[in-house]
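Engineer: coords please:
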Amino acid sequence: MGGEGATERKSTASHGLPLLHTRALMRRTPANRVFAVVYLCVILALLYHHFIALLHSTSILSLLILLADAVLAFMWVTSLAFRMCPTERQVFIEHLEHYAKESEYPALDVFICTADPFKEPPIDVVNTALSVMAYDYPIEKLSVYVSDDGGSQLTLFAFMEAARFATHWLPYCKINKIVERCPEAYFASNPSWFPETDQIKSMYERMRDRVENVVKRGSISNDYIPDQREIEAFSRWTDEFTPQNHPPVIQVLLERGKDKDITGHDMPNLVYISREKRMDSPHHFKAGALNVLLRVSATMTNAPVILTLDGDMYSNDPQTPLRVLCYLLDPSMDPKLGYVQFPQIFHGINKSDIYDGELRHVYQVQLSGMDGLAGPQLVGSGSFFRRKIFFGGPSETPEMNQDQLTSKSIRSKEVLAMAHHVAGCNFGNQTKWGTKMGFRYGSLVEDLHTSYQLQCEGWKSINCKPKRPAFLGNSPLNLHDSLNQTTRWSVGLLEVVFCKHNPIIYGVRFINLLSGLGFAYYAFWPFWSVPLTIYAFLPQLALLNSTSIFPKACLRSLVFRQCIPFPWSLWTRLSGVHIIWGDNTKVVEQSENVDDERTLKFPIWVD
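Structural biologist: This next block holds a predicted model:
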């Protein structure tokens, strides 16, 4: 997709300043639109054929086939949203100096979410935090907040170790201009050796061993805690402390201006947060954790820009925040721009990817398609937000007064008391939190639900897809984890379908037709199971019972039926993917604009 050129270009030049970014509408767009009309006629003819057949002979078999084809037709119509205005963008980081000095960059709060130290190893979350703490971004503008929704002292211990290691790791990366700033990935990539590399590697391995040993034991001995302040922090884990029933825990591990690295430079803020949980109070899963991060960070740093990350999604490009600034600092940019979304790219998946863990079609095709409309949906990680979008629509645009509290120490009693208060489980009760403010409650897929609501309020978004992936993460590698993830997604998406803000009814009116269809495609995604189940069993059962479910072959019907697979294959090719045969003769498709050779599956239409 990336090399197809453009039929439309929008520049950011103003007052003679160089471009910060360009927007290109892909050349295949007119062909997509023509094809959509032709293919729609074919689908209508197919459905007409079904209805005519029903008038002559109605049976359960014919009704089931009609149901399957009707669902497939509906899903295809909703997928048109991704094909009508596919867009690609390019940014020019080197031009930022013409728009703002580093001292004028907006402050950035990074939210990292984790929940279970045994399912999400703390050392992985530590690597994520270290990779963003080492961003090429002014230290005085950077704060990292870690949300531990499992309330585990093992995670807190891991970040205490990480805070000590960071005083060596951050200057090492910046002095030597390291690009791969996730320690685990860096040392596994056979990096160039510098005089201090052996020492840094030994320090990292010692830290990793200590963290993994503690997790393996499930407890922390006093030998591992050298500091009295750290001992006091762990004293909050009493016998009554459980993952689902505990008070809020907030620990400032590093404070800018007070904690220094080994070269004497300031360290970024690093704060551990475990929100209060009670058995009789709903916690709203990840959306609830993110809203606590919004409130706690507002009491401490209140940065106008926020980055959300999953614990296993580490930064792969230290210049990622600068790419975002190319949009946020552009004076000609739409003031309704609310967030910039980076695609999720996964590592560690084998070439066959039998569980389709990469979701390449979603991140390589569909996000670009939505980018040409009101903007892509959130994908749960790698999202840069303007903080103000969580407090009203674009017309309200409350100004974030970030100077109100930043002059105070984040370790001060006043700030910590306020932070503990807003991290309470009852703070958001009987308020607009989760409905009109913050991340939205009501669905397990809080990312899709929240972005859908934000766009209904009038906010726009951008898909930023650099050649070097901004973030790399983990994906389910076995059937059990894949089924658990799919089940959770399906339940959450159905919650969106059956809520009062259904995309077909509500979204089409408040966003636009195509964006509403795009969100409907995701919301109705579980309904793929209907035609897949019918076509998986019905033809075989009909054959065993000597029952014909398809019309007799003739020249006209053969020509008609070729009108469906041939144009689909052509459209797939025009979309930048091509069909190949994978292991076990499964049909897969590969994106042409991706550097590696990993593959993904797409739904096969059977009729």
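Engineer: residues touching the closest residue to residue 296 other than its chain neighbours, list them.
Structural biologist: Leaving aside its chain neighbours, residue 296 sits nearest to residue 419 (4.8 Å; criterion: C-beta to C-beta, 6 or more residues apart in numbering). No exception for glycine: its C-beta is placed from N, CA and C like everyone else's. The contact partners of residue 419, taken as C-beta atoms under 8 Å, 6 or more residues apart in numbering, are 250, 296, 299-300.
Engineer: same question for residue 536.
Structural biologist: Contacts of residue 536 (C-beta under 8 Å, 6+ apart): none.
Engineer: quick check: which element contains it?
Structural biologist: Using DSSP states H and E, residue 536 sits in helix 529-544.
Engineer: please save the CA atoms from that helix in CSV.
Structural biologist: Taking Å, rounded to 0.1, in the frame of the first residue of the first chain, the C-alpha atoms of helix 529-544 are listed here in CSV:
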residue,chain,number,x,y,z
SER,A,529,-19.6,-17.1,12.9
VAL,A,530,-23.1,-17.5,11.4
PRO,A,531,-22.1,-18.1,7.7
LEU,A,532,-18.9,-19.9,8.7
THR,A,533,-20.8,-22.4,10.8
ILE,A,534,-23.6,-22.9,8.2
TYR,A,535,-21.1,-23.5,5.3
ALA,A,536,-18.9,-25.6,7.5
PHE,A,537,-21.6,-28.2,8.1
LEU,A,538,-24.6,-27.7,5.8
PRO,A,539,-23.1,-28.8,2.4
GLN,A,540,-21.7,-32.0,4.0
LEU,A,541,-25.0,-32.9,5.7
ALA,A,542,-26.9,-32.2,2.6
LEU,A,543,-24.6,-34.4,0.6
LEU,A,544,-25.0,-37.3,3.1
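Engineer: how about the strands in the stretch 251-400 of the chain?
Structural biologist: Per DSSP state E, counting those that start in this stretch, the stretch 251-400 of the chain carries strands over the ranges 269-274, 305-310, 314-315, 337-341, 345-346, 383-386.
Engineer: between those, which gets nearest to residue 78?
Structural biologist: strand 337-341 (19.8 Å; C-beta to C-beta).
Engineer: what pairs with that closest one, and is each one parallel or antiparallel?
Structural biologist: Neighbouring strands of strand 337-341 in its sheet, by DSSP bridges, are strand 383-386 (antiparallel), strand 460-463 (parallel).
Engineer: three-state assignment of the residue nearest to residue 296?
Structural biologist: Secondary structure, DSSP: H, G, I helix; E, B strand; the rest coil: residue 419 is helix.
Engineer: and if you look at residue 443?
Structural biologist: The three-state label given to residue 443 by three-state DSSP is coil.
Engineer: going forward, count from 452.
Structural biologist: Fine by me, first position is 452 from now on; the one you just mentioned is residue 894.
Engineer: how much space separates it from residue 911?
Structural biologist: 22 Å (C-beta to C-beta, to the nearest Å).
Engineer: name the residue in the two with the higher neighbour count.
Structural biologist: residue 894 (24 against 20; other C-beta atoms under 10 Å).
Engineer: thought residue 487 was touching residue 531?
Structural biologist: Yes. At 5.6 Å, residue 487 and residue 531 qualify as touching, with contact defined as C-beta atoms under 8 Å.
Engineer: buried set for stretch 912-932?
Structural biologist: By 16 or more other C-beta atoms under 10 Å, the buried positions in stretch 912-932 come out as 912-917, 920-928.
Engineer: mind listing which of those are in strands?
Structural biologist: Among the buried residues of stretch 912-932, the ones falling in strands (DSSP state E) are 912-914, 922-924.
Engineer: related to what we said a few turns ago, what's the closest of the buried residues of stretch 912-932 to residue 604?
Structural biologist: Once C-beta to C-beta is applied, the member of those that ends up nearest residue 604 is residue 925, at 23.6 Å.
Engineer: spit out the contact partners of the closest one.
Structural biologist: Applying C-beta under 8 Å, 6+ apart, the residues near residue 925 are 575, 763-764, 797-799.
Engineer: excluding covalently adjacent residues, which one is nearest to residue 955?
Structural biologist: Nearest to residue 955 is residue 971, by C-beta to C-beta, 6+ apart, at 5.1 Å.
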